[in-house]
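*Asks:* okay, here's the prediction I keep looking at, along with the sequence it came from:
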Amino acid sequence: MYTASKAALATLVLALVATAAVRAQGVNGSISATATVQSPITVTGAQNLGFGNVFPGVAKTVAYSDATNSGQFSVTGQASTPVTYSFSLPTNLTSSGNNLPIGSWTGYLNTTNSTSGGSAITPSATPAGGTLSASGALYLFVGATVTPPVNLPAGSYTGTVTLTVSY
Amino acid sequence: MRGLRYAFALTATAVLPLAGQRPLTVTGIQSLTFGTLIPGIPTAVSRTDAGKSGRFDVGGPHDAQGQVTFTLPSVLTGPAGATLPLLFSGSDAGYSQSQNIGSQIGFDPRQPFLITFSGQGRGSVFLGGTAQPAPTQRAGSYTGTITLNLTAFP
């Protein structure tokens, strides 16, 4: 009887283990996770906006189409992708606390490094939109007018034009 | 001998409930889609985002319990083997017995979670997460595989 009980118990344990193995049924399924990463945007100041020598009381304008003196930026990023750009423009060039007013900003936007075949823009009216070329390029040109007061002290006057571009 | 008969009777009783029940199923319904990412800017997808969250439909014995566990990638793989880190946090997964994305119980997809199938033997598991592209992340398409494992407890 004792032997029979032990056998019964062993059988029960084995059977429960077997049952547990049967119960441990599992299934699975899968999905994908996906993402598309765009090329980072780079903005390069390619050429300074240069007015050269100016004279008190005599305004001077540099056109955006002036290949030598206009301010120029080049942008790279994801091909054929819309971007938003904006300019931060100075109202004065400065030298030792003296101000040389600058304004009447003009500009040009193009997908090639040229001031033809693109479109004129108004830098002071940004943010605005553009689209990178099929190779992921964009070029911006700026011009402006400085108006030296008649009593402007001599010196070297500078300011900073900043272009910000984002997707 | 009577003891032996008793043992066999118990065993038979324990196994019988498996017969005739709705089989366990896991079906991948919708990919977890992060869309277009900008290098350096993390992008999160909520488990309640109907268009972007991942979704699995599960099936099993009605009103029974089951355990779900995810096999989650730590990165997505892209062009030339480039990797894009993924992050899953405490409440990025959700279970809905009614299969309604608006009615979920949140859980940590990194941990096993006990679910109860509906009266019709169904349920849905939703998954969100965060993609973390580096500032220098290589442009291109990235993919990975997410697997949901389901074990039932009749």
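*Replies:* Nice, thanks for sending it over. Numbering: from 1, shown residues only, chains lettered A, B, ... in the order given.

*Asks:* for chain B, which segments count as helices?
*Replies:* Applying DSSP state H to chain B gives helices spanning B:2-15.

*Asks:* least trustworthy helix or strand in it by mean pLDDT?
*Replies:* Taking mean pLDDT, DSSP states H and E as the measure, helix B:2-15 is the helix or strand of chain B with the lowest mean score, a mean of 38.

*Asks:* can you show me the strands along chain A?
*Replies:* Taking DSSP state E, the strands of chain A run over residues A:26-37, A:42-47, A:60-62, A:71-76, A:82-88, A:92-95, A:98-110, A:119-121, A:128-131, A:137-146, A:162-166.

*Asks:* can you say which of these is nearest to residue B:65?
*Replies:* strand A:26-37 (13.5 Å; C-beta to C-beta). Every C-beta, even on glycine, is put in place using the N, C-alpha and C of the backbone.

*Asks:* quick check: which helices or strands does that closest one pack against?
*Replies:* strand B:25-30, strand B:32-37, strand B:54-59, strand B:75-77, strand B:83-87, strand B:140-153 (3 or more C-beta pairs under 8 Å, 6 or more residues apart in numbering or on different chains; DSSP states H and E).

*Asks:* buried sites along it?
*Replies:* Under the neighbour-count criterion of 16 or more other C-beta atoms under 10 Å in any protein chain shown, strand A:26-37 has A:27, A:28, A:29, A:30, A:31, A:32, A:33, A:34, A:35, A:36, A:37 buried.

*Asks:* quick one: contacts for the closest residue in space to the fifth one that isn't next to it in sequence?
*Replies:* Taking C-beta to C-beta, 6 or more residues apart in numbering or on different chains, and ignoring the residues beside it in sequence, residue A:31 has residue B:28 as its nearest neighbour in space, at 3.9 Å. For residue B:28, the contacting residues are A:29, A:30, A:31, B:55, B:56, B:148, by C-beta atoms under 8 Å, 6 or more residues apart in numbering or on different chains.

*Asks:* in the residues you listed, find the pair that's most separated.
*Replies:* Put simply, by C-beta to C-beta the two of these set farthest apart are A:30 and B:55, 12.1 Å from each other.

*Asks:* with mean pLDDT added, can I get the helices and strands packed on strand A:26-37 in TSV?
*Replies:* Output for the helices and strands packed on strand A:26-37, formatted as TSV (pLDDT from 0 to 100):
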stretch	mean pLDDT
strand B:25-30	98
strand B:32-37	96
strand B:54-59	98
strand B:75-77	98
strand B:83-87	98
strand B:140-153	94
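
*Asks:* just checking, residue B:35 touches residue B:51?
*Replies:* No - taking C-beta atoms under 8 Å as the definition, residue B:35 is not a contact partner of residue B:51, at 9.2 Å.

*Asks:* who's more crowded, these two?
*Replies:* Shown here are residue B:35 and residue B:51; by other C-beta atoms under 10 Å in any protein chain shown, residue B:35 has more neighbours (12 against 8).

*Asks:* what's the pLDDT at residue 99?
*Replies:* Here I'm looking at chain A. pLDDT recorded at residue A:99 is 98.

*Asks:* switch to chain B, that's the one I care about
*Replies:* pLDDT, residue B:99: 98.

*Asks:* give the bridge partners for the nearest residue in space to it that is not next to it in sequence, please.
*Replies:* Sequence neighbours aside, residue B:124 is the residue nearest to residue B:99 in space, at 4.2 Å (criterion: C-beta to C-beta, 6+ apart). On DSSP bridges, the residues paired with residue B:124 through beta bridges are residue B:57, residue B:96.

*Asks:* how close does residue B:124 sit to residue B:59?
*Replies:* Distance of residue B:124 to residue B:59, computed by C-beta to C-beta, to the nearest Å: 10 Å.

*Asks:* try residue A:105
*Replies:* Distance from residue A:105 to residue B:59, by C-beta to C-beta: 65 Å.

*Asks:* ok, residue A:64 next?
*Replies:* 66 Å.

*Asks:* swap in residue B:134?
*Replies:* Distance of residue B:134 to residue B:59, computed by C-beta to C-beta: 40 Å.

*Asks:* higher neighbour count, the two?
*Replies:* Neighbours of residue B:134 and residue B:59, each counted by other C-beta under 10 Å, are more numerous for residue B:59; the result is 21 against 14.

*Asks:* find the nearest non-adjacent residue to that one, please.
*Replies:* Leaving out its chain neighbours, the residue that sits closest to residue B:59 by C-beta to C-beta, 6+ apart is residue B:25, at 4.0 Å.

*Asks:* could you count how many residues lie near the one you found?
*Replies:* Neighbour count for residue B:25, taken as other C-beta under 10 Å: 15.

*Asks:* next: residue B:112.
*Replies:* Neighbours of residue B:112 using other C-beta under 10 Å come to 12.
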